[in-house]
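Chemist: Can you look at this prediction? I've put the sequence above it.
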Amino acid sequence: MSAREEVLARITAAHAGTPQPDLPYAAVERRYRRHSDLDAAALTERLVDRLLDYKALVRRCRADEVAVTVAAALAERGVRTVVVPAGLEATWLTALGPGTGVRTDGSAAAEQLGVAELDAVDGVLTGCAVAVAETGTLVLDGTAGQGRRVVSLIPDYHLCVVRADQVVPDVPQMVARLELTRPTTMISGPSATSDIELNRVEGVHGPRTLEVVLVG
């Protein structure tokens, strides 16, 4: 028996020996708020408020302005090379200037960029699965246009496109929209932490700068 098998066997035995809970999981009362009285416009404003509070950058545009807005954001950041995940909406890239190189992180292992390659690019452009207005959280679930978790964590600048219809009020609505067996990344502002003297340090375990293009 390997060490892994021995540990799993001990866990299984420990669970088998515990008494059954008095209240089965299915019988747990769920009286927390599942709905919101806010309309779509109010939800969008709340999301923007939370994003700005987290020191993220926010741009707003119409659906037919995404490409020029993305191009402007990348140009203003001085991004010369941007990585995009497989399946990203191709029209988002049509307004990029000739000086901006695009690298695609593929779905197949042979087409995926290495850590050193991701570290060498100036930024990453992704979509998202859902955005939570109350917490200012963007959720990526690894589907088309969102890519592997490492793609959104290594580059120093993350530009994320969020549609207004992807904004939900709170966490219960977010969970209802997701398939949580997928690798899920939840992003609430740029990466930041504080040292023992409470000095804020950004970019320690993720992008130093998060910018959101809110569509609609």
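Modeler: Okay, I see it.

Chemist: does Asp22 count as helix, strand or coil?
Modeler: coil (DSSP: H, G, I helix; E, B strand; the rest coil).

Chemist: what's the neighbour count on it?
Modeler: Neighbour count for Asp22, taken as other CB atoms under 10 Å: 6. Any C-beta I mention is one placed from the backbone N, CA and C, and that applies to glycine too.

Chemist: Ala86 too?
Modeler: Neighbour count of Ala86, defined by other CB under 10 Å: 17.

Chemist: Tell me the spatial nearest neighbour of it, not counting adjacent residues.
Modeler: Residue nearest to Ala86 in three dimensions, not counting chain neighbours: Ser107, with 4.6 Å by CB to CB, 6 or more residues apart in numbering.

Chemist: ok, which stretches of the protein are strands?
Modeler: 57-61, 81-85, 101-105, 123-126, 130-132, 137-140, 157-163, 167-168, 185-187, 192-194, 200-202, 209-215 (DSSP state E).

Chemist: Sheet partners, orientation included, of the last one?
Modeler: This means strand 209-215. Here strand 209-215 is paired, per DSSP bridges, with strand 57-61 (parallel), strand 157-163 (parallel).

Chemist: what's next to it, contact-wise?
Modeler: Applying CB atoms under 8 Å, 6 or more residues apart in numbering, the set of residues contacting strand 209-215 from outside is 44, 47-48, 51, 54, 56-63, 66, 69-70, 73, 77, 138, 156-164, 187, 189-190.

Chemist: Write a ChimeraX command that selects only the buried members of the residues you listed.
Modeler: Buried members of those, defined by 16 or more other CB atoms under 10 Å, are picked up in ChimeraX with:
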select :44,47,48,51,54,56,57,59,61,66,69,70,73,77,138,156,157,158,159,160,161,162,164,187,189,190
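
Chemist: Can you lay out the strands of the chain as CSV showing mean pLDDT?
Modeler: As requested, the strands of the chain are exported to CSV (pLDDT from 0 to 100):
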stretch, mean pLDDT
strand 57-61, 97
strand 81-85, 97
strand 101-105, 96
strand 123-126, 98
strand 130-132, 97
strand 137-140, 97
strand 157-163, 97
strand 167-168, 96
strand 185-187, 94
strand 192-194, 80
strand 200-202, 78
strand 209-215, 97
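
Chemist: which stretch among those strands comes nearest Gln112?
Modeler: Distance to Gln112, taken as CB to CB, is lowest for strand 101-105 among these, at 5.6 Å.

Chemist: what's next to that closest one, contact-wise?
Modeler: 80-86, 88, 93, 96, 111-113, 117-118, 121, 147-148, 151.

Chemist: wait, what's in contact with Glu179?
Modeler: Going by CB under 8 Å, 6+ apart, Glu179 touches Asp141.

Chemist: Would you mind measuring from it to Thr135?
Modeler: 20 Å (CB to CB, to the nearest Å).

Chemist: quick revisit: just the buried residues out of the contacts of strand 101-105, in PyMOL syntax.
Modeler: The following PyMOL line selects those of those that are buried, judged by 16+ other CB under 10 Å:
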select buried, resi 81+82+83+84+85+86+88+93+96+112+113+118+121+147+148+151
